[in-house]
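A.B. asks: Output the structure for:
(one chain, ligands or ions: 1)
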Amino acid sequence: MAPVTNQAIIDQVNPQDHPGKDVYGVIGHPIAHSKSPIIHAYFAKQTNQSIHYGRIFSELNAFKETVEEFFVRGGKGLNITVPFKLEAYALAQKKTDRAQLAKAANVLWLKDGELWCDNTDGVGLTRDLQRLLKNQQTSLKNAKVLILGAGGAAQGVIDPLMAESVSQITIANRTFAKADQLVAQFQPSAMAAEVHLEARDIQNIDQSKTQANDTFDLIINATATGLGDASPIPKELLKAISTSKTLAYDMVYGKETRFMQDARELGLNASDGLGMLVEQAAVAFETWRHLKGADSNLDIDGAIAAVRATY
Ligand code: ATR
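C.D. replies: Take a look at the predicted model:
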């Protein structure tokens with residue numbers, strides 16, 4: 001373990017300042033915006049657990065030292081956010097299957113003296129989607145899914161969706177070649193999972209119809225458009241490829257995006273990605289606190305409401 005060199009951690013979350021409590025944190029660069037402390041405090045209160053959860057800023061070149069320092073000082077677990085997920089994965093001695101699949105980690109904890117990592121982002125997304133789809137009496141099983149975008153966010157959702165036995169994943173991107181590349185990359189696992197995987201041009205999603213009624217059960221906006229004020233597809237196109245049962249899901253959270261507004265105006269169910277953030281936190285909380293998976297009865301809706309109240 002590294003010597004005590006990282007002053008930042010002492011200023012922010014020093015486990016030694018919280019005697020009698022198990023101390024956790026989220027580490028990133030930047031980190032001030034993180035809502036994770038609100039979510040974990042909510043779960044801790046709900047389950048009567050005595051924990052402290054804070055934010056930790058790390059310099060870009062000090063991630064390893066900051067993490068080691070945290071655990072040397074008695075910290076119990078960390079969430080990892082941008083840009084350190086690859087480094088966290090590399091640092092851990094033990095990796096869950098999910099982390100190995102993603103080759104990136106958003107959760108770290110010590111067990112029997114070894115540093116473990118997990119990736120709960122994918123399962124966070126699918127748990128959130130299942131929760132939303134259940135409200136409309138459907139599920140991911142056999143669903144036809146359209147992913148808008150072919151960057152890092154899009155790439156991260158493909159394996160988790162296949163694991164839920166969707167029937168089709170269509171990837172549409174402004175730069176078609178990138179969608180095509182993703183399809184080529186995931187084709188072997190899609191075939192093994194018996195999922196039909198295809199790429200389409202984003203402006204002509206409906207014109208490459210192979211069937212008269214070519215609509216999607218779930219449309220995920222994984223483009224960066226949610227950060228600004230645009231939608232990746234025109235409203236008329238969204239209308240043409242959806243039914244009244246389609247769920248429009250934007251991976252961005254904390255705002256009503258143009259994509260979500262268009263969907264609602266068309267009478268579709270729409271959601272931002274806040275539930276995904278809360279669900280990935282719930283899985284980490286369950287691991288750290290030894291609770292039993294989806295049956296742990298963590299109050300997801302309550303945690304979402306607690307975060308929304310801060311916007
Ligand atoms: P992330 O890691 O968040 O996915 P990224 O890898 O930079 O970020 O990917 C951004 C995605 O948003 C890409 O699919 C990008 O499309 P291109 O590959 O054509 O660049 C998409 N995107 C960004 N702005 C967009 C816009 N105005 N309309 C449509 N797609 C857009």
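
A.B. asks: From residue 29, how far off is the most centrally placed residue in the chain?
C.D. replies: If you average the C-alpha coordinates of the chain and look for the closest C-alpha using C-alpha atoms, centre = their mean, you land on residue 121, 3.6 Å from that point. Residue 121 sits 18 Å away from residue 29 when distances are taken as C-beta to C-beta, to the nearest Å. The C-beta positions use only the backbone N, C-alpha and C, and glycine is treated the same way.

A.B. asks: Residue 131 too?
C.D. replies: The separation that residue 131 has from residue 29, given C-beta to C-beta, amounts to 31 Å.

A.B. asks: so what's the closest residue to the ligand within the stretch 151-300 of the chain up against?
C.D. replies: As assessed by C-beta to the nearest ligand atom, the ligand sits closest to residue 151 within the stretch 151-300 of the chain, at 2.0 Å. When contacts are counted by C-beta atoms under 8 Å, 6 or more residues apart in numbering, residue 151 touches 178, 222, 223, 224.

A.B. asks: how many other residues sit next to the third one?
C.D. replies: By that I understand residue 223. 26 (other C-beta atoms under 10 Å).

A.B. asks: wait, doesn't it sit right on residue 149?
C.D. replies: Yes: the pair residue 223 and residue 149 passes the contact test of C-beta atoms under 8 Å, sitting 3.6 Å apart.

A.B. asks: Can you pull the residues that touch both of those two?
C.D. replies: Each of 173, 232 lies in contact with both residue 223 and residue 149 under the rule C-beta under 8 Å, 6+ apart.

A.B. asks: quick revisit: buried subset of the contacts of residue 151?
C.D. replies: A residue is treated as buried here by neighbour count (16 or more other C-beta atoms under 10 Å); on that basis the buried members of the contacts of residue 151 are 178, 222, 223.

A.B. asks: if we look at the ligand, which of the residues you listed are close to it?
C.D. replies: Residues shared between the buried ones among the contacts of residue 151 and the neighbourhood of the ligand are 178, 222, 223 [C-beta under 6 Å from any ligand atom].

A.B. asks: got the contact list for the closest residue to residue 85 other than its chain neighbours?
C.D. replies: With C-beta to C-beta, 6 or more residues apart in numbering as the measure, residue 104 is the residue that lies nearest to residue 85, at 4.0 Å, once sequence neighbours are left out. Residues in contact with residue 104, defined by C-beta under 8 Å, 6+ apart, are 85, 86, 88, 89, 119.

A.B. asks: ok, so of these, who is nearest the ligand?
C.D. replies: residue 85 (11.2 Å).

A.B. asks: What count of nearby residues applies to residue 242?
C.D. replies: A count of nearby residues for residue 242, using other C-beta under 10 Å, gives 21.

A.B. asks: Show the contacting residues for it.
C.D. replies: If a contact means C-beta under 8 Å, 6+ apart, then residue 242 has 215, 216, 219, 248, 263, 266, 268 as its contacts.

A.B. asks: Buried subset of those residues as a PyMOL selection?
C.D. replies: Selecting only the buried members of these in PyMOL, with burial defined as 16+ other C-beta under 10 Å, works like this:
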select buried, resi 215+216+219+248+263+266+268
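
A.B. asks: Give me the subset of the contacts of residue 242 lying in strands.
C.D. replies: When strands are assigned by DSSP state E, the members of the contacts of residue 242 inside them are 219, 248.

A.B. asks: JSON lines please, covering the contacts of residue 242 and showing pLDDT.
C.D. replies: Formatted as JSON lines, those follow (pLDDT from 0 to 100):
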{"residue": "215", "pLDDT": "94"}
{"residue": "216", "pLDDT": "97"}
{"residue": "219", "pLDDT": "98"}
{"residue": "248", "pLDDT": "98"}
{"residue": "263", "pLDDT": "98"}
{"residue": "266", "pLDDT": "98"}
{"residue": "268", "pLDDT": "97"}
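
A.B. asks: Relative to residue 40, which of the contacts of residue 242 is nearest.
C.D. replies: Of all those, the one sitting nearest residue 40 is residue 248; the distance, using C-beta to C-beta, is 28.8 Å.

A.B. asks: which ones are touching the closest residue to that closest one other than its chain neighbours?
C.D. replies: The shortest distance from residue 248 to any residue that is not its chain neighbour, by C-beta to C-beta, 6+ apart, is 3.5 Å, and that residue is residue 263. When contacts are counted by C-beta under 8 Å, 6+ apart, residue 263 touches 219, 238, 242, 246, 248, 269, 270.

A.B. asks: try it again with 7 Å
C.D. replies: By C-beta atoms under 7 Å, 6 or more residues apart in numbering, residue 263 lies in contact with 238, 248, 270.

A.B. asks: Was I right to think the first one contacts residue 264?
C.D. replies: So the one you mean is residue 238. No: applying C-beta atoms under 7 Å as the test, residue 238 and residue 264 come out as separate, 10.8 Å apart.

A.B. asks: These two: which has the busier surroundings?
C.D. replies: Neighbour totals were compared for residue 238 and residue 264, and residue 238 leads with 25 against 13 (other C-beta under 10 Å).
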